[in-house]
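> With the input below, show me the fold.
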Amino acid sequence: MYYMISDFLNTYGSNVSLIAGSGGLSRIVKDVGILDYELDTSLRSKYFHTSLFRDQLVLTTFLCAKDDISMIGEGIKHLLKQDASALAIRNVFHLPIPESVLRYADSKNFPIILINSMDIYFEKIIYDVNRYVERMADINFMQNEVNILLSRKLSTDEVRDHAKLIDPSFEERYIAIYFMSRDYFSESDFLECFERYDKSCFSTPASTMCLYKHGAFLFYSCDDTSVMFDDNFVSQAVKKIFPDPSNYTIGISRPHFSLGEFSVCLRESLCAALLNKNLQKPFLRYSELGAYEIIFPFAKSKEMQDFKKKVLEPINECDAENNTNLLETLTQYVLSGCKMRVAAKMTLQHENTVRYRLEKIAILTGLDFKSEAQREELSLAVKIDICSGLLGDEV
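Sure thing, here's the model as predicted:
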């Protein structure tokens, strides 16, 4: 949602280098400014107090310090008073940056950046940064990038590029959590959640949140291997960001270690959240999906749909003709892990009623729930039906 100094460094890579103020990489950039004549001794009385640099990435050549190196320190103090975000220097005059200035910037967590490439002009930086600022402030832009990643067949490099558009500071080690609202989820609902996220320990330059359809993604990346994406991590994220987690079904991707897999990561967390609508766990990891893991990607394929139709069509026809609920009973039986007592509780029916309905299904389909092999066929058809129904237009 915000463009930060870390994003600028990641955008330009080896063309820039941070020489001080590493503690300020999460400073927000809202604009780009140029420090030029403001510090010139002959003009200071006229312009020194009128130029405003608040929340700006400030560009300079330090022309004013060519004959007086002390002006570098004066310039940085001036920018700090103005609440500037950082200073980027194109050192065309090869001025030595005093160690005292670097120490001062470090003490104030004020990033000082050297522009190493002579091929990157101020005009390009201004254009690029302002474009990123606008994009990252646009909720719909991020949502559109997620749609592209989920709907298009992209190369690994293309996936990486689109991921970097969502957050230029993403690390290669990351996880996605999708929070799907059980109710209507508006932009204002998302912004309330984002405000809590922004104040939490989960808000880092390498992480972000994104509105998507009926909920929101949390993308958390970190190159620190001591940070575990375990259940405690997820529970804390839910607690800090979402005031009433019972209003959401939550799905968690596997940890990934390459941004080239970002679209896979998105799909995993989304599919886990979709399935959790039925399982109703506090949160569901993609790694816990079992057979659903292989079914989800192919649920809408002709082969899967043909198999589902062959098994379930007789049941659907019977339900339609006789106003019965055989398919619902079978679905709950499968969701219960094929446990009669649990299925009875889930359907609010007596065990004998559930058993009678399953026996009726055996007559219709030729598949007896008491036979392990035939029960597997019934279970597979139901799981295909669940997956294809959940996917709808979500993935």
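> drop to CA atoms for contacts and neighbour counts, all remaining ones
Noted.
> helix, strand or coil for residue 225?
coil (DSSP: H, G, I helix; E, B strand; the rest coil).
> Please tell me how far it sits from residue 265.
18 Å (C-alpha to C-alpha, to the nearest Å).
> Compare the two (neighbour count), which wins?
residue 265 (23 against 8; other C-alpha atoms under 10 Å).
> Now that one: closest residue in space, sequence neighbours ignored.
Spatial nearest neighbour of residue 265, excluding adjacent residues (C-alpha to C-alpha, 6 or more residues apart in numbering): residue 253 at 5.6 Å.
> That neighbour and residue 217 touch, don't they?
No - at 10.9 Å, residue 253 does not count as touching residue 217 under the criterion of C-alpha atoms under 8 Å.
> Could you pull out the residues contacting both of those two?
176-177 (C-alpha atoms under 8 Å, 6 or more residues apart in numbering).
> Do a quick rundown of the strands in this structure.
3-4, 16-20, 28-29, 31-34, 56-60, 86-89, 112-115, 174-181, 208-212, 215-221, 248-252, 284-285 (DSSP state E).
> quick one: low-confidence ranges for the protein?
Residue ranges of the chain with pLDDT under 70: 1, 37-51, 393-395.
> Let me see the contact set for residue 335.
278-279, 343.
> can you pull up the bridge partners for the closest residue in space to residue 133 that isn't next to it in sequence?
Closest residue to residue 133 apart from its sequence neighbours, by C-alpha to C-alpha, 6+ apart: residue 3 at 5.4 Å. For residue 3, the beta-bridge partners under DSSP bridges are residue 29.
> Likewise for residue 88?
Residue 88 has these beta-bridge partners by DSSP bridges: residue 59, residue 113.
> What residues does it make contact with?
Residue 88 neighbours (C-alpha under 8 Å, 6+ apart): 57-60, 112-115.
> Redo the strands of the chain as a markdown table? Include distance to residue 163.
Shown next, in a markdown table, are the strands of the chain (distance: least, C-alpha to C-alpha, whole Å):
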| stretch | distance to residue 163 |
| --- | --- |
| strand 3-4 | 14 |
| strand 16-20 | 21 |
| strand 28-29 | 20 |
| strand 31-34 | 23 |
| strand 56-60 | 23 |
| strand 86-89 | 25 |
| strand 112-115 | 25 |
| strand 174-181 | 12 |
| strand 208-212 | 11 |
| strand 215-221 | 10 |
| strand 248-252 | 18 |
| strand 284-285 | 22 |
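> Please name whichever of those strands is nearest to residue 122.
With C-alpha to C-alpha as the measure, strand 56-60 is the member of the strands of the chain nearest residue 122 (7.2 Å).
> what's that closest one packed up against?
strand 31-34, strand 86-89 (3 or more C-alpha pairs under 8 Å, 6 or more residues apart in numbering; DSSP states H and E).
> so who does the residue nearest the centre of the chain touch?
Closest to where the C-alpha atoms of the chain average out (C-alpha atoms, centre = their mean) is residue 219, at 3.0 Å. Counting by C-alpha under 8 Å, 6+ apart, residue 219 touches 174-177, 207-210.
> quick one: it and residue 21, what's the gap?
Taking C-alpha to C-alpha as the measure, residue 219 falls 26 Å from residue 21.
> Mind splitting this protein into its structural domains?
For the chain, automatic domain parsing gives the domain ranges 3-134, 138-289, 298-391.
> Now do the contacts for residue 377.
Residue 377 touches 311, 367, counting by C-alpha under 8 Å, 6+ apart.
> now do 10 Å
307-308, 311, 367-369, 383 (C-alpha atoms under 10 Å, 6 or more residues apart in numbering).
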